[in-house]
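Asks: 3D, please:
(chains A, B and C)
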Amino acid sequence: MRAVVALTLLAGTLAACGDDGDSGGRPTINWYNFPEDSGALQKAADRCSQASGGRYRIVYNKLPRAADGQRQQMVRRLAAEDDSLDILGLDVTWAAEFAEAGWIREWTGEMKRQAMEGTLRVPIQTATWKGKLYAVPYNTNTQLLWYRKDLVPDPPKTWAEMLDKARELARQRKPHYVEIQGAQYEGLTVWFNTLINSAGGSILNASATEPSLGAPAVRAASIMRELAKSPAADPSLPNQMEDANRLAMEAGVAAFQLNYPFVYPSMKANNPQLFKNFAWAPYPRVDEDRPARPTIGGIDLAVSAYSRHPDLAFEAALCLRNRENQLTAALEGGLPPTLRALYDEPAFQKEYPFHREVLAALQSASVRPRTPAYQNVSIAVSHTLSPPSEIDPESSVDTIRDQIDKALRSEGVIP
Amino acid sequence: MAAVGKTHATRWAIVNVVVVLYALFPVWWIAALSFKDPSTLTDGSYIPTDWTLENYKGIFETSEFTRALINSIGIALIATLIAVVLGTMAAYAVARLRFPGKQLLIGMSLLIAMFPPISLVSPLFNIERIIGIFDTWPGLIIPYMTFSLPLAIYTLSAFFREIPWDLEKAAKVDGATAAQAFRLVIVPLAAPGVFTTAILVFIFCWNDFLFAISLTSTESARTVPAAIAFFTGSSQFQQPTGSIAAAAVVITIPIIVFVLLFQRRIVAGLTSGAVKG
Amino acid sequence: MTDRPPRGNALSEGARQERRLGWLLCAPAVIVMLAVTAYPIGYAVYLSLQRYDLRFPGRAEFVGLDNYGAVLSSPFWWDAFWVTLFITGVSVAIELVLGMGLALVMHRTLFWRGTIRTAVLIPYGIVTVVAAFSWQYAWTPDLGYLAELLPEGDAPLTEQWPALWLIVLAEVWKTTPFMALLLLAGLALVPDETLKAAMVDGATAWQRFVRIMLPLMKPAILVALLFRTLDAFRIFDNIYILTAGAQDTGSVSILGYDNLFTALNLGIGSAISVLIFICVGIIAFTFVKLFGAAAPGAEVKR
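Replies: Sure, this is the predicted structure:
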């Protein structure tokens, strides 16, 4: 017993003496990003460390898998002015918040030019706040309509069409669900944002000082309610996130799915039979004559305001998201790139047979409201619209307007 | 002891089986998920149709999980040891001695047990960063110890109160020295409380998530519950269900061992002969 | 050693030694608890009196009890409060009965004692988040085995009342062992002789249970009940995983978490924490009063 205790104490002391800080004179640049198993990100870090010619070493530190967890870790340490973070992998909705709080540095001059060169327009929007660039887009993501060719030979172009087709399939007692994220979380806000932008409106006005909403918001809310009340709704809709949608589609109970491209390699691996009939199409439109504007996701790389080596960090960040590394991330990590040129790259096109639809979606994409109070706005939206079957379009939109007003002023208790 | 009737025995057998089923059938579900091939995760079957050890191989591929296991075991053991020692001392005083400030101590420790930890992690994080124990073993051991002390003190004092301390006097009258009296009479009677407390404190430290994720940042001190939050699926949207289930199974094994070792001591007290004759 | 101090103000030497020993033994625990929690708890209370949004650190200002007013007048707080009260009351009640039953089985079963005791404790030893996740999976239609037992298309986690009962189920399954363990240790203190004597006197099993075992177990029951209720009121993990608090199933802790970590509103978040603390304090106070002499710290009997 005593030996056990002694050993554990010894092990503890040894373990506590970790290895940290600058090693051997070369500054360490700490890159904090979501965890990634394929090795693509580690490769990028290694490549860029070498490319620096000995001037610095990039260490890839993992953050928790869930976006909320990542944000919490970074916020806690940035609020404490921790200087051991250099490059931060921010979700596309955090730039305004972090910039306003003074936690990330602005990109200017030559660095800014390099960051914007050849990068898709919409991802750059996500990294901009008050006209200044605060991060460099790393990877992006957007949703497509995935459907079963055997059930639906021609993909629907609008939401109305899709719901009609689903009803018909239901009548014929064939798999008919329309899989979409309906749980009370960020994904619900994304759905609403996509619909309202596709209907020609937006959640906030251009200067992000007050809610815009209006008729397009009511349209969006009606579509959500219609889906939830139709036979097309999966019974678990109010609890579903992206992964649950994928699983339902792979289980064969769904005919349509609105989801990110990660479902493609997954279906290929898990259900080769169904994969033969697995097809994709652009995101359905709200109005026939207006292209859909799916909301994009993704990661932007920012430099911490408390970094000890900001110049090196800017340089390192640019290297981490250069052509070579974005291509590797796309091919091995399934992360769609933000550099326009890569969409013409043959290796990329081979791996992403749906690249044309993805590029088209990215070029007409919408972003979520850019405001430091985004989290509050998002919660206001997702809590009011959950569960989708209980939406009353007019009054729900009124409630959202009220709550967003409060959220923008950082007032009151959020649900 | 009179011969036990057969119906009596069968009744107990049925009860035993029911209890085990109730306790373990959801556990089997987790184990089943860990053995399922990713393509069969959705078939809702209680018993895997396609057995695979891939999930287990996967979590041990890198040293991250092994490191987390070592961290968990070490931190939980040390914190439990210290908490039980300090708690025993304080509980003995509370249960047996008269001194002013006792109510204050009891009240204060309850206060600590009651305050929502979510509000405490940020200040704790700040302190630890300043002192320099952030992301180290002591950085987790100290909070764990602190927040399990209230439970330890309460549990131990509740049990110490019930010990017939006069037995110690009786043993001395019978010719035992003070040390012998303590060792042979008091310690066995105190054992149930001490081991119960040890198990509860260990499980608290073992399963804590909030402090583990807030007060660590690298594998040097990250424990298993926090490490699970870093597991990745094949993409950022996919829940690594199989790996999480496999990790859960693996980290439950030390608990099983710990409990198996100590469960007998919990009831050993009064039946060990101290009271009789 | 005299029982009472002699007349006059001076304490006897024995009593003084007893005091010193008492303080000495308590000192390490007290020092640790104070050193670690004084600043965080003090800081949290201090924050609750400020209007402090982490994203606008320059705008922090003292607002007194405004945050408390905002929270107590918010329907979100009261919704969460009643949900929490329901979950706490129901789950603790079930756990007490179930825990007692399990304790009896663990204590008196004829064979497989080690196995039974270990098996009963395993649910408590599993990481809460994983257990919650496995329940969520089990109840999702098409994915889980429990959902298969329900009529087609029923998704219990998506409606408030079924979801609340499932949360209670998950909570009860997970933490009954805590009760059972404490009650088992309490059972172990009931002297066999007393029970045998009662049996000889003709008392039924029920009478033996109510008249002999329960009173002797009072201290153990108090500790179990007290700590379990304190923890139940602060339930977080199970709800977060099973429903994320949707459909009005959120508890006060989830409310606090949202306001503190997501909205980064330190003032409101801390106020919610202090309010939770006060609620839990009232509960604790009630229990201690109810159990009176059985509470730890009550006068030592000689």
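Asks: for chain A, where's the lowest mean pLDDT among helices and strands?
Replies: helix A:2-16 (a mean of 52; mean pLDDT, DSSP states H and E).
Asks: before we move on, what about chain C?
Replies: Min over SSEs of chain C, mean pLDDT, DSSP H and E: helix C:145-148 (a mean of 78).
Asks: That one vs chain A: in contact?
Replies: No - judged by CB under 8 Å from any CB of the partner chain, helix C:145-148 stays clear of chain A, getting no closer than 8.9 Å. C-betas here are computed from N, CA, C, even on glycine.
Asks: Against C:Arg20, how distant is whatever residue of the stretch 51-200 of chain B ends up closest to chain C?
Replies: Nearest residue of the stretch 51-200 of chain B to chain C (CB to the nearest CB) works out as B:Phe99 at 3.3 Å. Relative to C:Arg20, B:Phe99 is positioned 8 Å away (criterion: CB to CB, to the nearest Å).
Asks: Which one's more surrounded, the two?
Replies: When B:Phe99 and C:Arg20 are compared for neighbours, B:Phe99 comes out ahead with 19 against 12, by other CB atoms under 10 Å in any protein chain shown.
Asks: ok, now which ones touch that one?
Replies: Applying CB atoms under 8 Å, 6 or more residues apart in numbering or on different chains to B:Phe99 gives the contacts B:93, C:18-19, C:21-23.
Asks: and the residue nearest to it when sequence neighbours are not counted, how many neighbours?
Replies: Computed as CB to CB, 6 or more residues apart in numbering or on different chains, the closest residue to B:Phe99 that is not its neighbour in sequence is C:Gly22, at 3.3 Å. Residues lying near C:Gly22 (other CB under 10 Å) number 22.
Asks: Please name the residues that touch C:Gly22.
Replies: Residues near C:Gly22 by CB under 8 Å, 6+ apart: B:93, B:97-99, B:102.
Asks: List only buried entries from these.
Replies: B:93, B:97, B:99, B:102 (16 or more other CB atoms under 10 Å in any protein chain shown).
Asks: Just the element for the closest residue to chain C within the stretch 151-277 of chain B, please.
Replies: Ranked by CB to the nearest CB, the top residue of the stretch 151-277 of chain B for proximity to chain C is B:Ile255, at 3.4 Å. For B:Ile255, the element it lies in under DSSP states H and E is helix B:241-271.
Asks: Could you check how far that helix is from the centre of its chain?
Replies: Its chain's average C-alpha position is 8 Å from that of helix B:241-271, according to CA atoms, centre = their mean, to the nearest Å.
Asks: so A:Arg77 sits right up against A:Leu85, yeah?
Replies: Yes - here A:Arg77 reaches A:Leu85: they are 6.0 Å apart, a contact under CB atoms under 8 Å.
Asks: of the contacts of B:Phe99, closest to chain A?
Replies: B:Ala93 (24.1 Å).
Asks: Name the SS class of the nearest residue to the closest one once chain neighbours are set aside, please.
Replies: Leaving aside its sequence neighbours, B:Ala93 sits nearest to C:Leu25 (CB to CB, 6+ apart; 3.9 Å). Classification of C:Leu25 by DSSP: H, G, I helix; E, B strand; the rest coil places it in helix.
Asks: burial count for C:Leu25?
Replies: 21.
Asks: per the record, what domains does chain B have?
Replies: Following automatic domain parsing, chain B resolves into domains at B:1-52, B:62-271.
Asks: How many neighbouring residues does residue 159 have?
Replies: Answering for chain A, as no chain was given. Per other CB under 10 Å, the neighbour tally for A:Trp159 reads 24.
Asks: The chain in question should be chain C.
Replies: Residues lying near C:Glu159 (other CB under 10 Å) number 15.
Asks: roughly how far apart are it and chain A?
Replies: Here C:Glu159 is placed at a distance of 8 Å from chain A (CB to the nearest CB, to the nearest Å).
Asks: hey, what's A:Asn30 bridged with?
Replies: Per DSSP bridges, residues listed as beta-bridge partners of A:Asn30: A:Val59.
Asks: for the stretch 301-415 of chain A, what spans make up the helices?
Replies: A:310-320, A:323-333, A:346-351, A:355-363, A:374-384, A:393-408 (DSSP state H, counting those that start in this stretch).
Asks: Among those helices, show me which one is buried the most.
Replies: Comparing those by mean neighbour count (mean count of other CB atoms under 10 Å in any protein chain shown), helix A:374-384 ranks first with a mean of 24.
Asks: Any part of that helix near chain C?
Replies: Yes - residues of helix A:374-384 contacting chain C under CB under 8 Å from any CB: A:375-376, A:379.
Asks: okay, that helix in CSV with CA atoms only?
Replies: Provided in CSV are the C-alpha atoms of helix A:374-384 (Å, rounded to 0.1, in the frame of the first residue of the first chain):
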residue,chain,number,x,y,z
TYR,A,374,-23.7,36.8,-31.8
GLN,A,375,-24.0,34.1,-29.2
ASN,A,376,-27.0,35.9,-27.6
VAL,A,377,-28.6,36.4,-31.0
SER,A,378,-28.2,32.8,-31.9
ILE,A,379,-29.7,31.6,-28.6
ALA,A,380,-32.6,34.0,-29.1
VAL,A,381,-33.3,32.5,-32.5
SER,A,382,-32.8,28.8,-31.6
HIS,A,383,-34.8,29.0,-28.4
THR,A,384,-37.8,30.7,-30.0
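Asks: Now do that helix against helix A:393-408, angle only.
Replies: 150 degrees (axes from the mean of the first three to the mean of the last three CA atoms, to 10 degrees).
Asks: Mind listing residues that contact helix A:374-384?
Replies: A:93-94, A:96-97, A:184-186, A:188-189, A:192-193, A:203-204, A:368-369, A:371, A:396, A:399-400, A:403-404, A:406-408, A:410, A:414-415, C:258, C:262-264.
Asks: Quick check, A:Ala407 in contact with A:Ile400.
Replies: No - counting by CB under 8 Å, A:Ala407 stays clear of A:Ile400, with 9.8 Å between them.
Asks: distance of the residue nearest to B:Ala93 from A:Val136?
Replies: Applying CB to CB to C:Leu25 and A:Val136 gives a distance of 60 Å.
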